[in-house]
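Colleague: Have a look at this prediction, sequence included:
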Amino acid sequence: MDLNYINIMLYVTGIITATVGLQFFFPELVSEKMFQIKLKDDASILVARHWALLVGIIGLLIICSVHSPAIRTHILIAAVISKAAIVLLILKDLKKDYTKGLKVTVVFDTICVVLYILVLFEIT
């Protein structure tokens, strides 16, 4: 793969991933608008905020990996694990009502997993 295309792909997917971090600051709004999930109590807001912070950090690290190829492998491995896990969890419950707003997440994160694996194994 051309390094320029890889860097652009990492910027774009990193920025999109990092936007989930907005849920840390606006948990109910982002959860309802981005995922069509209504947070029902303080405990679910706490968990949603913490999850959003972690996902936002992964997104920022993906962006950082553009400028630091030495850490790119480690960051992409963490991103693949994180994104593959959420895809599998959603697919496991795909027929349940709460997953209806998560289809875009499944598509985006699946594409990211494939692209990151291609980068990791330098498949052209």
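Modeller: Looks like it came in fine.
Colleague: quick check: longest helix of the protein.
Modeller: The helix spanning the most residues in the chain, taking DSSP state H as the definition, is helix 42-67.
Colleague: So for the helix or strand just after it, mean pLDDT?
Modeller: Counting by DSSP states H and E, the element after helix 42-67 in chain order, helix or strand, is helix 69-92. Averaged over helix 69-92, pLDDT sits at 96.
Colleague: Dump helix 69-92 to CSV, restricted to CA.
Modeller: The C-alpha atoms that make up helix 69-92 are tabulated as CSV, following Å, rounded to 0.1, in the frame of the first residue of the first chain:
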residue,chain,number,x,y,z
PRO,A,69,5.5,4.7,12.6
ALA,A,70,7.5,3.2,15.5
ILE,A,71,4.3,2.8,17.6
ARG,A,72,1.9,2.3,14.7
THR,A,73,1.9,-1.5,14.9
HIS,A,74,1.0,-1.5,18.6
ILE,A,75,-1.7,1.1,18.2
LEU,A,76,-3.3,-0.8,15.2
ILE,A,77,-3.2,-4.1,17.1
ALA,A,78,-5.1,-2.4,19.9
ALA,A,79,-7.6,-0.8,17.5
VAL,A,80,-8.2,-4.1,15.7
ILE,A,81,-8.9,-5.9,19.0
SER,A,82,-11.2,-3.1,20.2
LYS,A,83,-13.1,-2.7,16.9
ALA,A,84,-13.4,-6.5,16.3
ALA,A,85,-14.7,-7.0,19.8
ILE,A,86,-17.5,-4.4,19.5
VAL,A,87,-18.5,-5.8,16.1
LEU,A,88,-18.7,-9.3,17.5
LEU,A,89,-20.7,-8.1,20.5
ILE,A,90,-23.2,-6.2,18.3
LEU,A,91,-23.5,-9.1,15.8
LYS,A,92,-24.2,-11.5,18.7
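Colleague: Could you list every helix and strand in contact with it?
Modeller: Counting by 3 or more CB pairs under 8 Å, 6 or more residues apart in numbering; DSSP states H and E, the packing neighbours recorded for helix 69-92 are helix 42-67, helix 103-120. In short, each C-beta sits where N, CA and C put it, glycine included.
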